[in-house]
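Chemist: for reference, the sequence and a predicted model appear below.
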Amino acid sequence: MAAANKNEAHDDHEWGLCKDCEYWQIEPKAKVADGTLGLCIHDELEHFNLRVSGQSGCNHFKPGEPKRAEGSSEAPPRAAAVH
Ligand code: SF4
């Protein structure tokens, strides 16, 4: 029998990398790369003002192109989410 998974509620979501996720928001001219920093604009994570690199990831991943806005990579990010 498998051990209890405290993340069970998220098991129906796909885990993936920020650089391949449509909720990743980066600077207007930034490269889509492992070391690029950007803001996560997922509806459930946006209020954390979470700055993540291209090689970060989570199980709210959705494949797509990153959004772009000035200030997305600052610490803390100052860009508004582009939806
Ligand atoms: S933290 Fe998760 S939802 Fe946010 S950009 Fe990265 S993979 Fe997407």
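Modeler: That came in fine, so what should we check first? Numbering: from 1, shown residues only.
Chemist: apart from its neighbours in sequence, what residue is nearest I41?
Modeler: A81 (3.9 Å; C-beta to C-beta, 6 or more residues apart in numbering). To be clear about C-beta, it is placed using only N, CA and C from the backbone, and glycine gets the same treatment.
Chemist: list phi and psi for the one you found.
Modeler: Dihedral angles of A81 (phi, psi; degrees, to the nearest 10) stand at phi -70, psi 130.
Chemist: wait, it touches E46, no?
Modeler: Yes. If you go by C-beta atoms under 8 Å, A81 and E46 touch, sitting 5.5 Å apart.
Chemist: partners of W24 in the sheet?
Modeler: Following DSSP bridges, W24 is listed with bridge partners C40.
Chemist: doesn't C40 make contact with it?
Modeler: Yes. With contact defined as C-beta under 8 Å, W24 counts as touching C40 (6.6 Å).
Chemist: the two: which has the busier surroundings?
Modeler: Legend: neighbour count by other C-beta atoms under 10 Å for W24 and C40, higher for W24 (30 against 23).
Chemist: list the contacts of the more buried one.
Modeler: Residues near W24 by C-beta atoms under 8 Å, 6 or more residues apart in numbering: C18, G38, L39, C40, I41, V52, G54, P66, K67.
Chemist: and the gap between it and the ligand?
Modeler: Plainly put, W24 is 4 Å away from the ligand if you go by C-beta to the nearest ligand atom, to the nearest Å.
Chemist: need the contact list for the residue nearest to I41.
Modeler: A81 makes contact with Q25, L39, I41, E46, K67, A69, according to C-beta under 8 Å, 6+ apart.
Chemist: got the residue ranges for the strands in the chain?
Modeler: Ranges of strands in the chain, per DSSP state E, are 16-17, 24-26, 37-40, 51-53, 57-58, 67-68.
Chemist: got a markdown table for those, with mean pLDDT too?
Modeler: Formatted as a markdown table, the strands of the chain follow (pLDDT from 0 to 100):
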| stretch | mean pLDDT |
| --- | --- |
| strand 16-17 | 98 |
| strand 24-26 | 98 |
| strand 37-40 | 98 |
| strand 51-53 | 98 |
| strand 57-58 | 98 |
| strand 67-68 | 98 |
